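In: Below: sequence and its predicted model.
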Amino acid sequence: MPITTNNNLVTIHTFKDQDYLIRLDISSNRLELKVSDKEIGEEWRCSYDQIYIETLTTKTGNYKTFEVFTKMFISGLLKSSRAITLNLLTYEELHQFQNSTASIKSYFRNNLSEASENKKYLILGYTTEFDKTYYPITLDHCGSPDVKSLIATIRRLESDLCRTREEYASFKMHCHAIKHKAIDDMQKKIKELKIENEKLTKQIGTKSSTKVSSKAELAKTTSLENALSKLEKSVITERSNHQKYINKLLLEKNKMQQEIDAMRRKESALKQQLSQSKKSSGISSLSERQSRQSSIPRNRSQKLPNPPTSMSYERNKVLSRSSSQTSRCSRTSSGCDSIKSRSSGCANIVNANRKSRSTIIHCSSSRASQSETSSIARSENIKLKLQSTQEDYKVLEKRITGLQKLLLSKSK
């Protein structure tokens, strides 16, 4: 697993089935590279500045800046780009490789004298769509690892081994404790299960001794189950009947509500009729009174004038006769008797006229009283109808409240 920071990289790379530990350090425009063989421990190093890297890229024919080159090198180590490849070659391999590559020939044309068998060459290849460029980096051989460094690594490894052994021992003890705890828990559970098994065996023994009673109990349980099933069926049927009854009650409630509404409309219509009848009775009574008041003088002027005229005529006749007779009164007493009889007849005529006038007044008053009694009877009939409708309305309200209570009790 590679270890990376901002400017450092440590990773393992495989060249020709052999693992190499590569360490790359980039600091202050300088590139430092260290390659070491994991099996043997041999090391190769190099250190180049920015100018050397940029001149190297110009000699190959594809110039790259120092920052771009380092990014390409890191991507080649991490294998994050298919366009970048890395190869680690010896001198002989490089000599064979440069015969086939023009960029390597141009670079090593003046550097063949510097070539050494102990050196290694890291070739950074950059492949584009139409071109391939190789950037060779020379690595100097540092020889076998130092004894002191080997001793230091051995001590470090021994300390790591001791630490890992201690960790393994602690882990083993922890696992052993967990194992013992689990074993103890399992033993406890086994004991509990054994006790429960003994109890169950005892219960089975007691039940085997009472098989007859168990048969009776089984028969009882079967009968109870049958009764329970019957009860469940009856409950289901009762629920359905109850639902039907509730629906019926709801329909009756709606019908009663409609009847109440009709009774209310009828009551309002009767109230309007009563008010209209009161108004008409008042108007008729007033008109009858006016007609009565107007009819009395007309009767006096039309029907009664005859008696007064006849009375005046008779009076005048009587007076004339009485005056004629008074003159004769002195002569004979028989004439006085006739005059008295005639005056009594006049008085009878006056009384008859008075009686006829009183009968006319009585008839007019009886007609008015009859119209008033008829209007009063109508109003009383309307009032009775209203009272009957109100009573019916109260009865319907009582029935509706009773139905609501019944519905609530059924729903509960």
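Out: Nice, thanks for sending it over.

In: Kindly confirm my reading that residue 124 forms part of a strand.
Out: Yes: checked against DSSP: H, G, I helix; E, B strand; the rest coil, residue 124 lies within a strand.

In: Not counting its neighbours along the chain, what's nearest it?
Out: What sits nearest to residue 124 in space, not counting adjacent residues and going by Cβ to Cβ, 6 or more residues apart in numbering, is residue 135, at 4.2 Å. In short, each C-beta sits where N, CA and C put it, glycine included.

In: Extract the C-alpha set from the one helix or strand the one you found maps to and format it as CSV.
Out: Using DSSP states H and E, the element containing residue 135 is strand 132-143. C-alpha atoms of strand 132-143 as CSV (Å, rounded to 0.1, in the frame of the first residue of the first chain):
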residue,chain,number,x,y,z
LYS,A,132,5.9,7.7,-27.7
THR,A,133,8.5,9.4,-25.5
TYR,A,134,10.9,7.8,-23.0
TYR,A,135,12.6,9.8,-20.2
PRO,A,136,15.6,7.8,-18.8
ILE,A,137,16.7,8.5,-15.2
THR,A,138,20.1,7.2,-14.1
LEU,A,139,20.4,5.5,-10.7
ASP,A,140,23.8,5.2,-9.0
HIS,A,141,24.6,2.0,-7.1
CYS,A,142,25.0,2.5,-3.4
GLY,A,143,26.3,-1.1,-2.7
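
In: rewinding a little: how many neighbours does the residue nearest to residue 124 have?
Out: By other Cβ atoms under 10 Å, 23 other residues sit near residue 135.

In: and residue 21, what does it touch?
Out: Contacts here follow Cβ atoms under 8 Å, 6 or more residues apart in numbering; on that basis residue 21 touches 10, 11, 12, 35, 36, 37, 38.

In: Same check on residue 259?
Out: Contact analysis of residue 259 by Cβ under 8 Å, 6+ apart lists residue 396.

In: Could you pull up the residues touching the residue nearest to residue 124?
Out: Contact analysis of residue 135 by Cβ under 8 Å, 6+ apart lists 56, 57, 60, 64, 69, 123, 124, 125, 126.

In: Buried residues, the strand or helix carrying the first one. List them.
Out: For residue 56, the host element (DSSP H and E) is helix 50-60. Using 16 or more other Cβ atoms under 10 Å as the test for burial, helix 50-60 gives 50, 53, 54, 56, 57, 59, 60.

In: Leaving out chain neighbours, which residue sits closest to the fourth one?
Out: Computed as Cβ to Cβ, 6+ apart, the closest residue to residue 56 that is not its neighbour in sequence is residue 135, at 6.2 Å.

In: what pLDDT, on average, does the longest helix anywhere in the chain get?
Out: Longest among the helix segments of the chain by residue count, using DSSP state H, is helix 211-302. Taken as a whole, helix 211-302 has an average pLDDT of 77.

In: do stretch 42-62 as well
Out: When pLDDT is averaged over stretch 42-62, the result is 91.

In: if we look at that stretch, which residues are touching it?
Out: Contacts for stretch 42-62 (Cβ under 8 Å, 6+ apart): 29-37, 63-66, 69, 103, 106-107, 119-120, 126, 131, 133-145.

In: Now the buried members of those.
Out: 31, 33-36, 64, 66, 69, 103, 107, 119-120, 126, 133-139.

In: nearest spatial neighbour of residue 383, skipping sequence neighbours?
Out: The shortest distance from residue 383 to any non-neighbouring residue, by Cβ to Cβ, 6+ apart, is to residue 274 (7.0 Å).

In: Verify the stated contact: that neighbour with residue 379.
Out: Yes: Residue 274 lies in contact with residue 379 (Cβ atoms under 8 Å); the separation is 6.4 Å.

In: Each with direction, which strands does the strand holding residue 135 pair with?
Out: According to DSSP bridges, strand 132-143 forms sheet pairs with strand 43-49 (antiparallel), strand 120-127 (antiparallel).

In: and stretch 179-190, average pLDDT?
Out: Per-residue pLDDT over stretch 179-190 has a mean of 87.

In: Please save the CA atoms from that stretch in PDB.
Out: Taking C-alpha atoms only, stretch 179-190 is exported to PDB below (Å, rounded to 0.1, in the frame of the first residue of the first chain):
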ATOM      1  CA  LYS A 179     -14.300 -18.700  25.900                       C
ATOM      2  CA  HIS A 180     -14.400 -19.700  29.600                       C
ATOM      3  CA  LYS A 181     -17.300 -17.200  30.200                       C
ATOM      4  CA  ALA A 182     -19.200 -18.700  27.300                       C
ATOM      5  CA  ILE A 183     -18.500 -22.200  28.600                       C
ATOM      6  CA  ASP A 184     -19.700 -21.300  32.100                       C
ATOM      7  CA  ASP A 185     -22.900 -19.700  30.600                       C
ATOM      8  CA  MET A 186     -23.500 -22.800  28.500                       C
ATOM      9  CA  GLN A 187     -23.000 -25.100  31.600                       C
ATOM     10  CA  LYS A 188     -25.500 -23.000  33.500                       C
ATOM     11  CA  LYS A 189     -28.000 -23.200  30.700                       C
ATOM     12  CA  ILE A 190     -27.400 -27.000  30.500                       C
END
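
In: Quick one: residues in contact with that stretch.
Out: With Cβ under 8 Å, 6+ apart, stretch 179-190 has no contacts at all.
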